[in-house]
Structure formats: C-alpha cells, structure tokens
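Trainee: Next comes the sequence, and after it the predicted model I'd like to discuss.
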Amino acid sequence: MPIRRLAAMPVHRLWLPLRFAPGRRLHPSRLPPAAVQNVGTLSSVEKVIVSWSGGKDCALSMYEVIVRGEYEVAGLLTTITPDSDRVDMHDIRHGLIEKQAEALGLPLDMVMISSHTSNADYEPSLADVLKRHRDAGVTGVLFGDLFRADLRMYRAVNCARLGLKAIFPLWKRDNLQIMDAFISSGFKAVVTSINANRLEPEFVGRTIDWDFLRSFPTTANVCGEWGEYHTFVYDGPTFTSPIRFTVGDTCDREDLFHRFLFCDLIPA
C-alpha cells in the first residue's frame with residue numbers, strides 16, 4: 001500500500017463515549033450459555049457504560065463483565081475528533097464506530113473534541129455527558145487499561161468527582177494471557193496504527209492472531225499498552241455479525257518525538 005505523509009497531529013489523552021437508551025442490552029445469540037443467562041438477569045446488577053475506542057482491550061473488558069454477570073452494559077462512550085471525524089490515535093472512522101455499536105446492539109454517545117483540545121478544555125464536556133448517564137442510573141465507567149497507573153488515576157479521579165466508579169476488568173493481568181483470551185474468545189481485530197519507533201511498518205494493517213503474537217518483538221509490549229499499536233475490532237462473540245470494511249492507504253504522521261503509521265479502514 002502507498003504511504004501518504006500527513007501534517008503532524010498533537011497527541012492528547014483519549015478518554016472515550018455514548019447516546020443512552022434505557023433497556024438496551026447486548027445481543028445474546030453469539031455469547032456463551034453462561035453469558036446468555038447473565039444478560040437475561042441484568043436488572044439485578046449495576047449499569048455501566050464502556051469507554052470505547054473501537055479496539056481490543058475495551059472489547060475484551062466488556063465481554064468479560066458480561067460473561068461474569070457483574071454489570072449491565074448500558075452503552076458505549078467514544079471521543080470523536082470532528083476535524084477528521086475519527087477516533088484519535090486509533091484513527092478509526094466515526095462510521096465504523098457506529099457500525100460496531102449496531103453490531104453490539106448498544107447505544108453510542110460521543111464527546112466531540114478538537115485534536116488541539118487540552119484536558120482542561122475536554123474534561124467539562126466529558127463531565128456533562130457522564131452526569132447525564134449518572135442521572136439515568138449508570139453507576140460506573142468501564143475501561144480497558146492494563147497497567148498504566150497514571151491513566152488509571154486520571155480516569156478514577158474524573159469518575160469520582162461525579163460519584164461514578166472507574167472499573168478496570170483487565171488490570172494487572174498477564175499481557176500474553178490477555179492476548180490469548182482475546183484470540184481464543186473469537187474476537188477479530190486489525191491493527192489500525194503503530195508507533196513506527198517501536199514496530200516495523202509491516203505491522204500496520206495486520207490481523208491480531210497467533211502469527212501476530214509469534215512475530216511480535218520482545219522489545220515492545222505485546223498488548224500495545226505503551227502506544228506501540230492500536231486496533232479496530234470487527235467481529236467477536238458479542239457481535240451479531242462481522243463489520244465489513246476495506247483497507248485503504250497507509251498514512252505517515254510525526255510529532256516531536258514519534259513517527260506513526262495509520263492504516264485507513266473504509267466502511268464497505
């Protein structure tokens with residue numbers, strides 16, 4: 001694929017979003033029997049929203065709380081950059097995030113922020129959205145973070161200010177076990193972006209599978225927790241059907257410290 005060079009884009013902290021509709025639940029047709037039972041009895045557990053990037057860690061986090069019956073997933077919350085109409089860093093088109101929500105049978109809400117927005121500007125907009133869901137009965141926000149204490153603290157503090165819990169189902173789990181669980185559970189994902197200072201260019205656009213793990217360098221975190229790569233999940237046990245897309249150009253983008261490659265996914 002040809003590589004197009006783009007202007008540098010500031011990197012900001014991704015928090016993520018949802019348009020709440022009471023009573024919406026995950027489609028049970030592709031879940032394990034235990035999870036189907038849990039979906040049917042969700043009225044007895046707390047409601048949460050998922051901080052949704054479109055990638056593998058938030059998808060696996062949501063799947064695990066459904067299987068364990070710990071929470072009712074009330075919707076997805078995503079941050080979209082209107083300048084590009086994409087999820088920043090993952091570089092996933094808004095339209096593909098909407099297709100994920102449709103396949104999951106969940107409402108989607110969005111916080112729209114400029115790529116140049118600081119956390120100080122972003123947090124009031126996020127708070128307004130979270131207050132609305134809190135007032136509708138949501139008690140917590142689900143995150144896919146794995147081990148970065150700085151991100152966990154940032155998210156927990158912002159939630160606590162609003163009387164919400166920050167929930168981290170994958171926290172401190174062995175990273176290879178996380179990847180094994182993702183693949184073995186039947187999820188399908190493609191790498192949408194990489195930090196080219198950490199990974200070779202051929203990793204962008206690759207499918208997350210056993211071959212991906214076998215070829216992954218030992219010098220990088222296999223889950224991409226330090227920003228080595230980001231993904232788009234297009235199928236899995238929580239999806240009613242796979243999301244169709246085509247692979248477009250690869251874009252090259254740099255900031256002061258890093259070079260990134262982005263693989264454009266186009267809704268089919």
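Mentor: The structure has been received and is ready for your questions.
Trainee: Compute the distance between the closest residue to residue 213 other than its chain neighbours and residue 64, please.
Mentor: Excluding the flanking residues, the one nearest residue 213 by C-beta to C-beta, 6 or more residues apart in numbering is residue 179, at 5.9 Å. For the C-beta atoms, the positions are set from N, CA and C on the backbone; glycine is no exception. According to C-beta to C-beta, to the nearest Å, residue 179 stands 14 Å off from residue 64.
Trainee: do residue 254 as well
Mentor: Distance, residue 254 to residue 64, by C-beta to C-beta: 36 Å.
Trainee: ranges for the helices of the chain?
Mentor: Secondary structure of the chain by DSSP state H: the helices cover 33-40, 56-68, 94-104, 119-135, 149-160, 175-184, 210-215.
Trainee: follow-up on the earlier one: so between residue 179 and residue 64, which is more surrounded?
Mentor: Per other C-beta atoms under 10 Å, whichever of residue 179 and residue 64 has more neighbours is residue 179, with 21 against 17.
Trainee: Next up, the contacts around the residue nearest to residue 213.
Mentor: 208, 213, 222-223 (C-beta atoms under 8 Å, 6 or more residues apart in numbering).
Trainee: Make JSON lines out of those and add pLDDT, neighbour count and distance to residue 55.
Mentor: Output for these, formatted as JSON lines (pLDDT from 0 to 100; neighbours: other C-beta atoms under 10 Å; distance: C-beta to C-beta, whole Å):
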{"residue": "208", "pLDDT": "98", "neighbour count": "22", "distance to residue 55": "10"}
{"residue": "213", "pLDDT": "97", "neighbour count": "13", "distance to residue 55": "16"}
{"residue": "222", "pLDDT": "97", "neighbour count": "16", "distance to residue 55": "14"}
{"residue": "223", "pLDDT": "97", "neighbour count": "24", "distance to residue 55": "10"}
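Trainee: Out of those residues, which comes closest to residue 173?
Mentor: Residue 173 lies nearest to residue 223 out of the contacts of residue 179, by C-beta to C-beta, at 9.3 Å.
Trainee: Please report the distance of the nearest residue to the closest one once chain neighbours are set aside from residue 209.
Mentor: Leaving aside its chain neighbours, residue 223 sits nearest to residue 175 (4.7 Å; criterion: C-beta to C-beta, 6+ apart). As judged by C-beta to C-beta, residue 175 and residue 209 stand 16 Å apart.
Trainee: When the two are compared, which one has more neighbours?
Mentor: Ranked by neighbour count (other C-beta under 10 Å), residue 175 and residue 209 place residue 175 first, with 16 against 12.
Trainee: Would you agree that one is in contact with residue 226?
Mentor: No: counting by C-beta atoms under 8 Å, residue 175 stays clear of residue 226, with 11.0 Å between them.
Trainee: Go through stretch 136-148 and flag the buried ones.
Mentor: 138-147 (16 or more other C-beta atoms under 10 Å).
Trainee: Sorry, slip of the keys, the one I care about is stretch 74-93.
Mentor: For stretch 74-93, the neighbour count (16+ other C-beta under 10 Å) marks 74-81, 86-93 as buried.
Trainee: which of those lies closest to residue 123?
Mentor: Set against residue 123, the nearest of the buried residues of stretch 74-93 by C-beta to C-beta is residue 79 (11.5 Å).
Trainee: Any idea what the closest one is bridged to?
Mentor: Using DSSP bridges, the bridge partners assigned to residue 79 are residue 111.
Trainee: measure it to residue 111 for me?
Mentor: Using C-beta to C-beta, residue 79 is found at 5 Å from residue 111.
Trainee: residue closest to the middle of the chain?
Mentor: Closest residue to the average C-alpha location of the chain: residue 53 at 2.7 Å, with C-alpha atoms, centre = their mean.
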